[in-house]
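Visitor: no sequence on this one, just coordinates:
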């Protein structure tokens, strides 16, 4: 069977070159006589894999030397707890509520301290990034949290907020490596792997060194960033195969020309799809133009019945996973790094055909 165009929001499509290399090395990795899945995480060969993965990520994102790169299990959702557990010294934090995952992060953080929601876009179904009034900041906040890209609602922060020296923490799960970011703007960047990095199960945390110290003594050992820093992410068995797959993904991206090159391709894909939506008489985008995501394009026809018909017929045409999130309906095309421009063009051609047939 031929491969389909997979627009899944996550777990999402992986580059074919990465899958083929993993397939080639699946049974026997190099000259080890075993699969990476069977390999001791303490072995010399595996240490080379995890060290190469970190080196490549540092190079791709220009990560400064005063930041640590951690490979952690539990996905990004575990970080909703780890961040407040490790960073709350005064028991206060500022959050922006810009989507469902930001909302979940807020709900979890409230277990550990006083949370000040500086701004929210929930009043309009998270269809925009709320304006930020610095007068509403908590001067005693331990950190300030945002979700850079909102997977469900198709919005993104184009520039990080200025937080007056308070460490900025961001969930970058659905936008990491899709465009250039200045790591120094953030105290912590965390990202689940299953969108732009590799398979589900791995979370990457990039943390400034000064935020690793002073963690409360009651933080469980496996929830303490210092545990991962002190043990090079090897306190226990890490998600070894996920890290290996991430390394392959980093190699693929480097060969393409790095983040600057993929950003140009991602902008081209997003512009192509949004241009069609802006000129369509049937389809319309649901996010405000100035805050549109480059990774997750959300749209509707205005009819639930027609939306359902579109998704079903698209699937039959090899355009998979276009159904919108259950909380909002409609359609969503996730066009992460691995989605080639040919997939976006195939989607637009199908949309044109569907519009003609359903006037």
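Guide: On my side now, so go ahead. Remember, predicted model here, so these are calculated numbers, not experimental data.
Visitor: Verify the stated contact: residue 228 with residue 72.
Guide: Yes - assessed by C-beta atoms under 8 Å, residue 228 is found in contact with residue 72 at 6.2 Å. All C-beta spots, glycine's among them, are computed from the backbone N, C-alpha and C.
Visitor: Now do the shared contacts for these two.
Guide: Common neighbours of residue 228 and residue 72, counting by C-beta atoms under 8 Å, 6 or more residues apart in numbering, are residue 205.
Visitor: To what extent is the closest residue in space to residue 151 that isn't next to it in sequence buried, counted in neighbours?
Guide: Leaving aside its sequence neighbours, residue 151 sits nearest to residue 174 (C-beta to C-beta, 6 or more residues apart in numbering; 4.4 Å). Look at residue 174: counted by other C-beta atoms under 10 Å, it has 30 neighbours.
Visitor: Equivalent analysis for residue 77, please.
Guide: 16.
Visitor: who's in contact with it?
Guide: Residue 77 sits in contact with 104, 192, where contact means C-beta under 8 Å, 6+ apart.
Visitor: Below-threshold pLDDT in the chain: ranges please.
Guide: Scanning the chain with the threshold set as pLDDT under 70 gives 1.
Visitor: mind checking how far the residue nearest to residue 151 is from residue 207?
Guide: Distance, residue 174 to residue 207, by C-beta to C-beta, to the nearest Å: 20 Å.
Visitor: Same question for residue 166.
Guide: For residue 166 relative to residue 207 (C-beta to C-beta), the value is 15 Å.
Visitor: Which one's more surrounded, those two?
Guide: residue 207 (25 against 20).
Visitor: Look up phi and psi at residue 284.
Guide: When read as degrees, to the nearest 10, the backbone of residue 284 gives phi -150, psi 150.
Visitor: Neighbours of it, how many?
Guide: Residue 284: 13 neighbours (other C-beta under 10 Å).
Visitor: Residue 223 too?
Guide: Residue 223 has 15 nearby residues by other C-beta under 10 Å.
Visitor: Residue 235 now?
Guide: Neighbour tally, residue 235, other C-beta under 10 Å: 15.
Visitor: So it: helix, strand or coil?
Guide: Following DSSP: H, G, I helix; E, B strand; the rest coil, we place residue 235 in the coil state.
Visitor: Now it. Nearest residue, chain neighbours left out?
Guide: Using C-beta to C-beta, 6+ apart, the closest residue to residue 235 is residue 227 (5.0 Å).
Visitor: what about the strands in the stretch 101-250 of the chain?
Guide: 114-120, 144-147, 149-150, 155-156, 168-171, 188-192, 202-208 (DSSP state E, counting those that start in this stretch).
Visitor: deepest of these, which one?
Guide: Stretch with highest mean neighbour count among the strands of the stretch 101-250 of the chain: strand 149-150 (a mean of 29; mean count of other C-beta atoms under 10 Å).
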